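>>> Need the 3D shape of this:
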Amino acid sequence: MADILIPTVAQGLMWALMALGVYITFRVLDIADLSVEGSFPLGAAVAATALSGYGVTAAFLLAAVAGALAGIVTGILTTKLKIPPLLAGILTMIGLYSVNLHVMGKANVALLRVDTVFSYAAGMGLTSDMAMMAVGLVGVMLVGVILYWFFGTELGTAIRATGCNSQMARAQGVNTNSMIVLGLLISNALVALSGALVCQANGFADVGMGTGTIVIGLASVIIGEVLFGTRSFKNCLISVILGSIVYRLVIAIVLQLGMPPNDLKLFTAILVAIALSMPLIREKWRARKSAL
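Okay, the predicted model is just below:
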């Protein structure tokens, strides 16, 4: 078990960027955005294509920009065309499948003999697992600090107010449509960055690697909130990151115990359902105890 701890935590850190993106839409904006299932492989596809010709930095920047554009599309469908957010996300996700195929030119791209961010980290004397851990930790800390600062600014507060009470935000002069688009932009940019990291860690990008991404993100968010609380916005960000790590550890443990990999999606769905129902279960339990 000890030999899988470091790579599992490293995977949790890399997927935490995606979980933070899901948190922004699901909790901050109060929108279930399914476009992340398309923007995750979009980030991977753009990064894998850009690595060979433009280098690591350009790959991450282009992946973030591509994800941001996907978020803008969902935002415009929602705010300008008045399509329900859930359906807008599905439309974007479906469209991105073809976009990803065009970006890669085929269904998958292998990163053979291509320098990745982990190659540079390994060049500093780190093992492959420690390189993944170091890159994931630096990426999560950097993104977490930037998000904490941004959502404390006037613009970030306006996004939070839009998700909390859009009518009150409009009464205060906030352009809620612009805030929704901006929130979706940031969310999908983070999801695409996570896809760019994961594809480099796995050594390939695949058009189907985004399947189930929204469930994984929700699992990380809910598990983090249940286990580590939501006392403040900073606490929420930390909880989401730790929730992503815990989720990966749970998956690693059940696989070690012999669960067939084909059952992982079902296990994740059940886990999310239980986590989502925890507040109700706690309330029922407290009511029953007080009645006794």
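>>> List the residues that contact the nearest residue to residue 104 once chain neighbours are set aside.
Leaving aside its sequence neighbours, residue 104 sits nearest to residue 45 (Cβ to Cβ, 6 or more residues apart in numbering; 4.8 Å). From N, CA and C alone the C-beta is placed, and that goes for glycine too. Contact partners of residue 45, counting by Cβ atoms under 8 Å, 6 or more residues apart in numbering, are 100, 103-104, 109, 199, 205, 207.
>>> Output the helix or strand hosting residue 45 as PDB - backbone C-alpha positions only.
Here residue 45 sits within helix 36-54, counting by DSSP states H and E. Taking C-alpha atoms only, helix 36-54 is exported to PDB below (Å, rounded to 0.1, in the frame of the first residue of the first chain):
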ATOM      1  CA  VAL A  36     -16.200  20.100 -18.300                       C
ATOM      2  CA  GLU A  37     -16.400  16.600 -19.900                       C
ATOM      3  CA  GLY A  38     -15.400  18.200 -23.200                       C
ATOM      4  CA  SER A  39     -13.000  20.900 -21.900                       C
ATOM      5  CA  PHE A  40     -10.900  18.300 -20.000                       C
ATOM      6  CA  PRO A  41     -10.000  16.300 -23.100                       C
ATOM      7  CA  LEU A  42      -9.700  19.600 -25.000                       C
ATOM      8  CA  GLY A  43      -7.000  20.800 -22.600                       C
ATOM      9  CA  ALA A  44      -5.300  17.400 -23.100                       C
ATOM     10  CA  ALA A  45      -5.600  17.500 -26.900                       C
ATOM     11  CA  VAL A  46      -4.200  21.000 -27.200                       C
ATOM     12  CA  ALA A  47      -1.400  20.400 -24.800                       C
ATOM     13  CA  ALA A  48      -0.400  17.100 -26.500                       C
ATOM     14  CA  THR A  49      -0.500  18.800 -29.900                       C
ATOM     15  CA  ALA A  50       1.400  21.900 -28.800                       C
ATOM     16  CA  LEU A  51       4.200  20.100 -26.800                       C
ATOM     17  CA  SER A  52       6.100  18.900 -29.800                       C
ATOM     18  CA  GLY A  53       6.300  22.200 -31.500                       C
ATOM     19  CA  TYR A  54       5.900  25.000 -28.900                       C
END
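>>> what helices or strands is whichever helix or strand comes after it leaning on?
As assigned by DSSP H and E, the chain's next helix or strand after helix 36-54 is helix 56-79. Applying 3 or more Cβ pairs under 8 Å, 6 or more residues apart in numbering; DSSP states H and E, one finds that helix 56-79 makes contact with helix 36-54, helix 85-104, helix 117-122, helix 176-202.
>>> by how many degrees do the helix holding residue 45 and helix 56-79 diverge?
150 degrees (axes from the mean of the first three to the mean of the last three Cα atoms, to 10 degrees).
>>> quick one: average confidence on helix 36-54?
Confidence over helix 36-54 (mean pLDDT, whole number) is 93.
>>> Please point out which parts of it sit buried.
36-51 (16 or more other Cβ atoms under 10 Å).
>>> Over to stretch 196-212?
Quick answer for stretch 196-212 (16+ other Cβ under 10 Å): 196-201, 205-207, 209-210, 212.
>>> Likewise for stretch 103-116?
103-104, 108-109, 111, 114, 116.
>>> wait, which of those is closest to residue 272?
residue 108 (27.6 Å; Cβ to Cβ).
>>> how far away is the residue lying closest to the closest one once chain neighbours are set aside from residue 41?
Distances taken as Cβ to Cβ, 6+ apart put residue 206 closest to residue 108, at 4.2 Å, once the chain neighbours are dropped. Between residue 206 and residue 41 the computed distance is 7 Å (Cβ to Cβ, to the nearest Å).
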